[in-house]
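*Asks:* how would this look folded up:
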Amino acid sequence: MGNPQRETNDSHRALPPVRQRSAELRLLVPALVTGAAGLVTASLSLTAGVEPSVIVAAAVVSAGAVALHVLLRFLAPYADPVVLPLATVLNALGLTMIWALQMAEAEPAHGDADRQLMWTVVGMVLCGATIVLVRQPRRLTMYTYVIAVAALLLLLLPLSPLGIEVLGARRWIGIGPFTMQPSEFAKVLLVVFLASYLGRRREVMSLVTRTVRVGRTKVFSIPRARDLAPMAVGWGMAILLLVGTRDLGTSLLLFGTFLAVLYAATSRKSWVAIGLAAFAAGAYVAYLLFGHVRNRVEIWLNAFDPDVYGQPGGSFQVVEGMFALANGGVFGTGFNEGFAQEIFAADSDLILVSIGEKLGLTGLLAVLMLLFLLAERGFRIALGCRDVFLKLTALGYAFLLAFNVFIVLGGATLVIPLTGMTTPFLSAGGSALMANWVIAGLWLVISEQARRPQETFTEGHAPGDAATEVIDLRRVRRRPRRDEG
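*Replies:* Numbering: from 1, shown residues only. Sure, this is the predicted structure:
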């Protein structure tokens, strides 16, 4: 992140203090039109008419987005104008694909789409609650370790009696008729904890190191043993998730985000190298000890082997997904053609595959552009923040979203092992959708802080704050000794 003093002096020029709600409205209108057009097109293709459920879905999404826009006009007029339209259009496109996949089955229905619409409403409400309740996001640093404990408990919940195992992975808990994936909410809390902890310790962790040299050439920087504690905790949590819940995707996502925030805070490549080496060693040991990890790797390396394809829990899912992508071609098969609806988890784990078949390479690239544009807005918000904690928080969520998309698409195309992750705002499932709307709300309040005029900004810890262990000797006045004149 560079010199903290330079960040404080320069970053206020990155985001000018201009009210952005009119620009947001101009973007929100085409986003809502796109979502409604997708739903209507899917209905016309599959039913030769406009289903009432489609009209209800378009109206509900539009009402929720407009309500959030009005709320931002009153409570966060300087917030980023692109986040809400992007989240809205992605959510609407996800609803469209879920509705179309279910209606294209042998027994058409739209119950899954109706549930996704319900979770959309809940997610938008949580986004609004975040905007209302977290007016000063800097105050979250007061609860650093409480947030860390809450995140750890959420990660461990699937290992409790409430945990439910599905297809070898134990990542859900059952609450009455509903299931929930606690790790989705743990991700939100863990980024806040990392940003708070590393924001306070970053100067110590980046400056107080041991340098390994060969002659006069610097080879490596080794952190102090006690500064390795956060990395050891992050590594332990990742391996625990990998072994205990058999959730390779979440463990990879969380540890990758941890390393990204750590590097952003310290600018030390050695930290990243140590972390990658530790994770690779732990993953290799897990590969030797646990059959489900070996199975994932075997599917990845030998997906088209007939024996691997035909075995229980084999590679049939990813192979069928790749054939569906090929079947989509450049412009897609349309909603009423193709066979993506017959693939297991086509509306959740493989939602990008379904988009690639129905809308073709053109539609898939358009959706990926929207996803990475949303991540770009997160990085842009981070660049404009004056406060280190807010900067790291916004950056952490941006990397989380971008890396999540890479893991999903990489698994579907055999770049990496398939992990069963969901795509932000698109995949069916309430836990991920609600968590992503909370992240959108946090981005909005953080960008409000970043864009607010300087005279109304409440600063957090200054670079020379007493809370840090580093003492800037250049600021300490030299006291004259007694024998000096």
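*Asks:* buried set for stretch 108-121?
*Replies:* His110, Asp112, Ala113, Asp114, Gln116, Leu117, Trp119, Thr120 (16 or more other Cβ atoms under 10 Å). Any C-beta I mention is one placed from the backbone N, CA and C, and that applies to glycine too.
*Asks:* Now the helix or strand where Ala42 lies: average pLDDT?
*Replies:* Element membership for Ala42 (DSSP states H and E) is helix 21-47. Helix 21-47 comes out with an average pLDDT of 95.
*Asks:* and if you look at stretch 108-119?
*Replies:* When pLDDT is averaged over stretch 108-119, the result is 92.
*Asks:* what does that stretch rub up against?
*Replies:* For stretch 108-119, contacts defined as Cβ atoms under 8 Å, 6 or more residues apart in numbering pick out 46-47, 51, 53, 56-57, 60-61, 94-95, 98-99, 102-103, 347, 428-430, 433-434.
*Asks:* 7 Å instead?
*Replies:* Stretch 108-119 has contacts (Cβ atoms under 7 Å, 6 or more residues apart in numbering) with 53, 57, 60, 95, 98-99, 102-103, 347, 428, 430, 433-434.
*Asks:* Could you export stretch 309-326 as PDB, CA atoms only?
*Replies:* The C-alpha trace of stretch 309-326 is given here as PDB (Å, rounded to 0.1, in the frame of the first residue of the first chain):
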ATOM      1  CA  TYR A 309     -16.800 -40.500 -15.700                       C
ATOM      2  CA  GLY A 310     -19.000 -43.500 -14.700                       C
ATOM      3  CA  GLN A 311     -18.000 -43.900 -11.100                       C
ATOM      4  CA  PRO A 312     -20.300 -42.600  -8.300                       C
ATOM      5  CA  GLY A 313     -19.400 -39.000  -7.800                       C
ATOM      6  CA  GLY A 314     -17.400 -39.000 -10.900                       C
ATOM      7  CA  SER A 315     -16.600 -36.400 -13.600                       C
ATOM      8  CA  PHE A 316     -20.000 -36.600 -15.400                       C
ATOM      9  CA  GLN A 317     -21.100 -33.200 -14.000                       C
ATOM     10  CA  VAL A 318     -18.100 -31.200 -15.200                       C
ATOM     11  CA  VAL A 319     -17.900 -33.100 -18.600                       C
ATOM     12  CA  GLU A 320     -21.600 -32.500 -19.300                       C
ATOM     13  CA  GLY A 321     -21.100 -28.900 -18.400                       C
ATOM     14  CA  MET A 322     -18.200 -28.600 -20.900                       C
ATOM     15  CA  PHE A 323     -20.400 -30.100 -23.600                       C
ATOM     16  CA  ALA A 324     -23.200 -27.700 -22.800                       C
ATOM     17  CA  LEU A 325     -20.700 -24.800 -23.200                       C
ATOM     18  CA  ALA A 326     -19.600 -26.100 -26.600                       C
END
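*Asks:* Show me what the helix holding Ala42 packs onto, helices and strands only.
*Replies:* If you count contacts as 3 or more Cβ pairs under 7 Å, 6 or more residues apart in numbering; DSSP states H and E, helix 21-47 packs onto helix 52-75, helix 83-103.
*Asks:* Now with 10 Å, please.
*Replies:* The contact analysis (3 or more Cβ pairs under 10 Å, 6 or more residues apart in numbering; DSSP states H and E) places helix 21-47 against helix 52-75, helix 83-103, helix 351-384.
*Asks:* tilt between it and helix 351-384?
*Replies:* Angle between the axes of helix 21-47 and helix 351-384 is 180 degrees (criterion: axes from the mean of the first three to the mean of the last three Cα atoms, to 10 degrees).
*Asks:* Could you say which helix or strand holds the closest residue to Leu140 other than its chain neighbours?
*Replies:* Counting by Cβ to Cβ, 6 or more residues apart in numbering, Leu140 lies nearest to Val192, which is 5.5 Å off, once chain neighbours are set aside. Element membership of Val192, judged by DSSP H and E, is helix 182-207.
*Asks:* List the buried residues of that helix.
*Replies:* Buried residues in helix 182-207, counted by 16+ other Cβ under 10 Å: 182-206.
*Asks:* can you give me how far it is from the chain middle?
*Replies:* The chain centre lies 14 Å from the centre of helix 182-207; the measure is Cα atoms, centre = their mean, to the nearest Å.
*Asks:* for that helix, packing partners?
*Replies:* If you count contacts as 3+ Cβ pairs under 10 Å, 6+ apart, helix 182-207 packs onto helix 144-156, strand 169-175, strand 217-223, helix 229-240, helix 248-266, helix 388-412, helix 430-451.
*Asks:* 7 Å instead?
*Replies:* Applying 3+ Cβ pairs under 7 Å, 6+ apart, one finds that helix 182-207 makes contact with helix 144-156, helix 248-266, helix 388-412, helix 430-451.
*Asks:* Including distance to Gly329, mean neighbour count and mean pLDDT, could those go into a markdown table?
*Replies:* As requested, those are exported to a markdown table (distance: least, Cβ to Cβ, whole Å; neighbours: other Cβ atoms under 10 Å; pLDDT from 0 to 100):
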| stretch | distance to Gly329 | mean neighbour count | mean pLDDT |
| --- | --- | --- | --- |
| helix 144-156 | 41 | 17 | 87 |
| helix 248-266 | 28 | 24 | 85 |
| helix 388-412 | 17 | 24 | 95 |
| helix 430-451 | 29 | 25 | 94 |
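*Asks:* lowest average confidence, helix or strand, in the chain?
*Replies:* helix 4-10 (a mean of 44; mean pLDDT, DSSP states H and E).
*Asks:* thinking again about what came up before, could you export the helices and strands packed on helix 182-207 as CSV, including distance to Leu301?
*Replies:* Compiled in CSV, the helices and strands packed on helix 182-207 are given as follows (distance: least, Cβ to Cβ, whole Å):
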stretch, distance to Leu301
helix 144-156, 29
helix 248-266, 15
helix 388-412, 13
helix 430-451, 28
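*Asks:* out of those, nearest to Ala65?
*Replies:* Closest of the helices and strands packed on helix 182-207 to Ala65 is helix 430-451, at 11.2 Å (criterion: Cβ to Cβ).
*Asks:* Any stretches of the stretch 151-300 of the chain with poor pLDDT?
*Replies:* Counting by pLDDT under 70, the ranges of the stretch 151-300 of the chain that qualify are 166-169, 204-231, 234-235, 239, 241-246.
*Asks:* let's see 90
*Replies:* 151-183, 186, 190, 193-194, 196-259, 262-297 (pLDDT under 90).
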